[in-house]
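1. below is the sequence, then the predicted model.
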Amino acid sequence: MGLPFWPVPAVPFLCSCCQVLREIIHTKGNHTAKLEIHGRLGMICHAVLDNRHSVDAVHPGQKYQMFDFCKKSIENVKEFLMRYCDERKQAGYIMLQDPLSIFYEALCVGLEWDENLNTDDFFEPCPRDSGAHQKNRPEAQNHEERIPKSSLAAQVVRERTGKLTLRDLVQYFHLPIDDAAKQLNICPTVVKKICRRYGLNRWPHRKIKSIERKIRMLRVSLDTADVEERARIQAEIERLQQVLVNICGGVSR
């Protein structure tokens, strides 16, 4: 017996219970790869990779692939996305601006300031009672006295760190403070002391990353903007570059 009507053609990986949380689009010549991240608020379910070739391409067509994240942690998903984007970059693809980037940027206001506050911020509260403060330090002072400060190695380290300035640190501002300290072969406490010496009360790694990401997005939009819009975008890029200099204590990177 024939069917009264043909069923609607299935849409690849159509999920009625999910929302598109993000679109990551890469292009290279006639090929476009779009990775859609599906899920709900606070939950990432899966991703759908849509590979498309233009009509004029040698192999026109469209291919889909799904990645299941239901049993994966957020950290696993993050590692997957970082690896995916890195592989596309190595293959010569260009990443387009995410249509939802402005939406998420607005939602994330304040998150950078709160994250890992104890690591990046190094304010030292002033003691209310200097006398009491000194009474609480004998043990620490005795410990310092027991350290063989006369050793040649310790003396060399002290002399080297004493000569370090903010200009010596600026090339490491893009790293977390612990990684920067390892590169400089000194401890994070010394890095913090140098920063405080020059009036820098917070390690600028996270803020620099945020502004550099905004600059990259603006540069991508330059390619499709008209003359008037290009001038506005270029002015905003220059403003953000000056903000970077100010964040670094006035020292250019």
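-> Done, it's in. Worth saying up front: this structure is predicted, and the values here are computed from it rather than measured. Numbers count the residues shown, from 1 in each chain.
2. gap between the two ends of stretch 196-213?
-> End-to-end distance for stretch 196-213: 27 Å, by Cα to Cα, to the nearest Å.
3. next, the buried residues of that stretch.
-> 200, 202, 203, 204, 205, 206, 207, 208, 211 (16 or more other Cβ atoms under 10 Å). Just so you know, the C-beta spots here come from the backbone N, C-alpha and C atoms, and that holds for glycine as well.
4. for those, which one is nearest residue 23?
-> Residue 23 has its nearest neighbour among the buried residues of stretch 196-213 in residue 211, at 23.5 Å by Cβ to Cβ.
5. helix/strand/coil for that closest one?
-> Using DSSP: H, G, I helix; E, B strand; the rest coil, the structure places residue 211 in helix.
6. would you confirm that it contacts residue 246?
-> No - taking Cβ atoms under 8 Å as the definition, residue 211 is not a contact partner of residue 246, at 10.4 Å.
7. can you tell me which of the buried residues of stretch 196-213 is nearest residue 236?
-> Once Cβ to Cβ is applied, the member of those that ends up nearest residue 236 is residue 211, at 11.2 Å.
8. mind exporting the longest helix along the chain as PDB, just the C-alpha atoms?
-> Longest helix of the chain, by residue count under DSSP state H: helix 227-247. Below are the C-alpha coordinates for helix 227-247, written out as PDB (Å, rounded to 0.1, in the frame of the first residue of the first chain):
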ATOM      1  CA  VAL A 227      35.400  53.600   4.100                       C
ATOM      2  CA  GLU A 228      33.600  55.400   6.900                       C
ATOM      3  CA  GLU A 229      33.300  52.300   9.000                       C
ATOM      4  CA  ARG A 230      36.900  51.400   8.400                       C
ATOM      5  CA  ALA A 231      38.000  54.700   9.800                       C
ATOM      6  CA  ARG A 232      35.900  54.200  12.900                       C
ATOM      7  CA  ILE A 233      37.200  50.700  13.400                       C
ATOM      8  CA  GLN A 234      40.800  51.800  12.900                       C
ATOM      9  CA  ALA A 235      40.400  54.500  15.500                       C
ATOM     10  CA  GLU A 236      39.000  52.000  18.000                       C
ATOM     11  CA  ILE A 237      41.900  49.700  17.300                       C
ATOM     12  CA  GLU A 238      44.400  52.500  18.000                       C
ATOM     13  CA  ARG A 239      42.500  53.400  21.200                       C
ATOM     14  CA  LEU A 240      42.700  49.800  22.500                       C
ATOM     15  CA  GLN A 241      46.400  49.700  21.600                       C
ATOM     16  CA  GLN A 242      46.900  52.700  23.800                       C
ATOM     17  CA  VAL A 243      44.900  51.000  26.600                       C
ATOM     18  CA  LEU A 244      47.300  48.100  26.300                       C
ATOM     19  CA  VAL A 245      50.300  50.500  26.900                       C
ATOM     20  CA  ASN A 246      48.500  52.100  29.900                       C
ATOM     21  CA  ILE A 247      47.800  48.600  31.400                       C
END
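9. what comes into contact with that helix?
-> Helix 227-247 has contacts (Cβ atoms under 8 Å, 6 or more residues apart in numbering) with 204, 207-208, 211-212, 214-215, 218-219, 221-222, 225, 251-253.
10. from those residues, which two are the most distant?
-> It's 225 and 251 that sit farthest apart of these, by Cβ to Cβ, at 31.5 Å.
11. state whether residue 64 is indeed within a helix.
-> No - applying three-state DSSP, one finds residue 64 to be strand, outside a helix.
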